[in-house]
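1. quick one, what's the 3D model for this:
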Amino acid sequence: MAQTLISGGFEKSRSAFVFIEFQAEWLAEDGVLFEKLVQDKDAFRNAADQAKLVLAAARKNAGIIAHAGLDLRDDPTYRLFGSEENVLGLRAAIPRAGTWTGRGAEFVFPFVPIPGEFIAHGRSGASALKNSTLDAFLRNNRIDTLFLMGFATHVCVESTLREAHDSGFNVYVVTDACAAFTCEQDQYFHQHILHHFGAGIDVASLVKLLEA
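-> Got it, this is the predicted structure:
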């Protein structure tokens, strides 16, 4: 995968490290989505291990951290998505799977938010920005550059990338801190999608920037 390093300097105060769905649905060995959807399970484990390095460096060096999960525990009947009848896509699939309303919505260690880290709420779509407090948090803190990590590459990471780009943010996907259901899906995203909406950077390069 081609990597693009930050040009024109790195402004930590204008950048946010966005962790998308580092939750039990994807990262617990008995997570519903991990068991049912993820074919290349080692890729998810490896992405989480790499993301831990970014999280540790961001915490050590006062980086701005945002946790962008999906949590429907206060809406167990999925009213947010409407009736399962006559709806398509994730709005229908999530209620059928019964996900994000129980233990699966819990953040997993070490991605459990600590004081001073932002937790996005109100999300209603595949993008972590859709109707969530993440957008207001970023704009009110004059953040213009995002580093995205998480799951799955070709669904929620890609949706967030596209919306963030169209909303005026500069977006970097941390390539080895994301994973798709299969390696082929991940590779397709990096080869054919990413460059239209942002750029890629690997964990080692990002940690080096944080620690400079």
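2. longest strand of the chain?
-> Among the segments of the chain that qualify as a strand by DSSP state E, the longest is strand 170-179.
3. and Pro110, what element?
-> No secondary structure element spans Pro110, as it lies outside all helices and strands (assigned by DSSP states H and E).
4. show me the contacts for it.
-> When the contact criterion is CB atoms under 8 Å, 6 or more residues apart in numbering, the partners of Pro110 are 52, 55-56. Just so you know, the C-beta spots here come from the backbone N, C-alpha and C atoms, and that holds for glycine as well.
5. for the helix or strand bottoming out on mean pLDDT in the chain, the distance to its chain's centre please.
-> Taking all helices and strands of the chain together, the one with the lowest average confidence (mean pLDDT, DSSP states H and E) is helix 90-97, at a mean of 92. On the basis of CA atoms, centre = their mean, to the nearest Å, the separation between the geometric centre of helix 90-97 and that of its chain is 19 Å.
6. which helices and strands does it pack with?
-> helix 32-36 (3 or more CB pairs under 8 Å, 6 or more residues apart in numbering; DSSP states H and E).
7. pull out the buried residues from whatever helix or strand comes next after the helix it packs on.
-> Using DSSP H and E, the next helix or strand after helix 32-36 towards the C-terminus is helix 41-60. Of the residues in helix 41-60, those buried by neighbour count under the rule 16 or more other CB atoms under 10 Å are 43-44, 47-48, 50-55, 57-59.
8. next, the angle strand 170-179 makes with helix 41-60.
-> Between the axis of helix 41-60 and that of strand 170-179 there is an angle of 130 degrees, by axes from the mean of the first three to the mean of the last three CA atoms, to 10 degrees.
9. helix 41-60 - contacts with which helices or strands?
-> Secondary structure elements in contact with helix 41-60, counted by 3+ CB pairs under 8 Å, 6+ apart, are strand 15-20, helix 24-27, strand 64-68, strand 145-151, strand 170-179, helix 203-211.
10. is it possible to get JSON lines of the ones you listed that adds distance to Gly102 and mean neighbour count?
-> Listed next are those as JSON lines, based on distance: least, CB to CB, whole Å; neighbours: other CB atoms under 10 Å:
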{"stretch": "strand 15-20", "distance to Gly102": "20", "mean neighbour count": "26"}
{"stretch": "helix 24-27", "distance to Gly102": "9", "mean neighbour count": "24"}
{"stretch": "strand 64-68", "distance to Gly102": "18", "mean neighbour count": "23"}
{"stretch": "strand 145-151", "distance to Gly102": "18", "mean neighbour count": "26"}
{"stretch": "strand 170-179", "distance to Gly102": "23", "mean neighbour count": "25"}
{"stretch": "helix 203-211", "distance to Gly102": "31", "mean neighbour count": "18"}
